[in-house]
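Colleague: The sequence isn't on hand, but the structure is:
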């Protein structure tokens, strides 16, 4: 996981260097004790959430304006906990978590809208990369930034067979939610 975060950090910093943003850019790492990423899935017989608090995330922000300029997140697929070891094992099987152990997101654009940010970037899951755009709520103080929101992924867009139980498949939509706190220097 540390190697993945290091690669994401190098990638974000490299993007920053080529973009010409050489003014008061700082980086902050996610506070794992106060942050989470979750997914919500629906099956005809029940629905469930899987929560991951063991991920790495970084932001770059302009220290003068306190605006986010870049975001990168990487999470182990095996670290999502739905409170059912059988269900988690099955999810790891259908997502081929041994072959594709992480899901990652790297922003290409972050636009501040006051109390929210419009984020565009690439999510890579199950070896498939897709561009997504979502709006996230942002809360800021001199000591921290909290970014939270949700978006929907279609499982089949990532070449994953939808999990099934009793010959009935889950819905194709997987709602992703997150709340990530970044302590600022």
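Modeller: Nice, I can see it. Bear in mind that the values here come from a model prediction, so they are computed numbers and not experimental data.
Colleague: Strand partners (parallel or antiparallel) of the strand ranked longest in the chain?
Modeller: Scanning the chain for the strand with the most residues, using DSSP state E, yields strand 128-140. Partners of strand 128-140 in the sheet, by DSSP bridges, are strand 116-125 (antiparallel), strand 144-154 (antiparallel).
Colleague: and residue 180, what element?
Modeller: strand 173-183 (DSSP states H and E).
Colleague: List of residues touching that strand?
Modeller: 28-31, 34-42, 57, 59, 73, 136, 143-155 (Cβ atoms under 8 Å, 6 or more residues apart in numbering). Using the backbone N, CA and C atoms, a C-beta is placed for each residue, glycine as well.
Colleague: what about 6 Å?
Modeller: 28, 30-31, 34-41, 57, 59, 144-148, 150-153, 155 (Cβ atoms under 6 Å, 6 or more residues apart in numbering).
Colleague: and if you look at stretch 72-81?
Modeller: Against stretch 72-81 from outside (Cβ under 6 Å, 6+ apart): 4-5, 8, 12, 37, 50-52, 54-58, 92, 95, 97, 101-106.
Colleague: buried set for stretch 82-100?
Modeller: Under the neighbour-count criterion of 16 or more other Cβ atoms under 10 Å, stretch 82-100 has 82, 87-88, 91, 95, 97, 100 buried.
Colleague: Let's see which of these end up in helices.
Modeller: In helices, judged by DSSP state H, the following of the buried residues of stretch 82-100 are found: 87-88, 91.
Colleague: So what's the residue count around residue 71?
Modeller: Residue 71 has 25 neighbours, counted by other Cβ atoms under 10 Å.
Colleague: Which residues are in contact with it?
Modeller: Here residue 71 is in contact with 59, 107 (Cβ under 6 Å, 6+ apart).
Colleague: you'd agree it is in a strand?
Modeller: Yes - assessed by DSSP: H, G, I helix; E, B strand; the rest coil, residue 71 belongs to a strand.
Colleague: Contacts only, for residue 90.
Modeller: Applying Cβ under 6 Å, 6+ apart, the residues contacting residue 90 are residue 163.
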